[in-house]
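Visitor: Quick one: sequence and predicted model below, then my questions.
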Amino acid sequence: MGACAPRMSPTRSKPNLNALPACAGYPTENIMKKMIAVLALCIVSAGALAQSAEMPAAGGPRVERAVQQLQARFASANTTHDGKLTREQAAAGMPMVAKHFDEIDAQRNGSITLPQIEAFMTQEMMSRRGG
């Protein structure tokens, strides 16, 4: 049995973990602190890897295509070409946007812009994902 091995109790077949000696000059408390630090680092890095794995999917070709379609629909619904949709324009060209017009029109000025629609849609996606 080495100097760092747990001492066996004469009456037990299991080692007495409370009787662990200091190994190579390090008290067992320091070893435990290092093990906890390494474990915490592993958990944090695993979380970072999981987040970075999801990021490419968030900006993938599917999302780009959806953004392009949204921009095209907005341009076609915006018959006055002023960068804003009225409730009537939204109802005629973007029925789903018209359905949520009051939620999107945060400024309550009777018109909505493409960035407001995009922000609303992003918020809706995040709430559906639980984020």
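Guide: In hand now; what should we look at?
Visitor: could you pull out the strands for the protein?
Guide: In the chain, strands defined by DSSP state E lie at 85-86, 111-112, listed in chain order.
Visitor: Parallel or antiparallel, list what pairs with the last one.
Guide: In this case it means strand 111-112. On the basis of DSSP bridges, the sheet neighbours of strand 111-112 come out as strand 85-86 (antiparallel).
Visitor: ok, and what's touching the strand it pairs with?
Guide: Contacts of strand 85-86 from elsewhere in the structure, counted by Cβ atoms under 8 Å, 6 or more residues apart in numbering, are 74, 77, 78, 93, 94, 97, 110, 111, 112, 113. (C-beta placed from N, C-alpha, C; glycine too.)
Visitor: Mind checking the pLDDT average for it?
Guide: Strand 85-86 comes out with an average pLDDT of 96.
Visitor: Same check on stretch 90-102?
Guide: The average of the pLDDT scores along stretch 90-102 is 94.
Visitor: now the end-to-end length of it.
Guide: According to Cα to Cα, to the nearest Å, stretch 90-102 extends 11 Å from its N-terminal end residue to its C-terminal end residue.
Visitor: got the buried residues for that stretch?
Guide: Within stretch 90-102, the residues scored as buried using 16 or more other Cβ atoms under 10 Å are 90, 93, 94, 97, 98, 100, 101.
Visitor: Tell me who's in contact with the first one.
Guide: Pointing back at residue 90 there. Contacts of residue 90 by Cβ under 8 Å, 6+ apart are 77, 97, 98, 101, 112.
Visitor: How about the contacts made by the third one?
Guide: Residues touching residue 98, when contacts are defined by Cβ under 8 Å, 6+ apart, comprise 87, 90, 91.
Visitor: Restricted to helices, list these.
Guide: Here DSSP state H is the test, and those give 87, 90, 91 as lying in helices.
Visitor: what's the nearest residue to the first one if we skip its chain neighbours?
Guide: For residue 87, ignoring the flanking residues on the chain, the nearest one in space by Cβ to Cβ, 6 or more residues apart in numbering is residue 101 at 5.3 Å.
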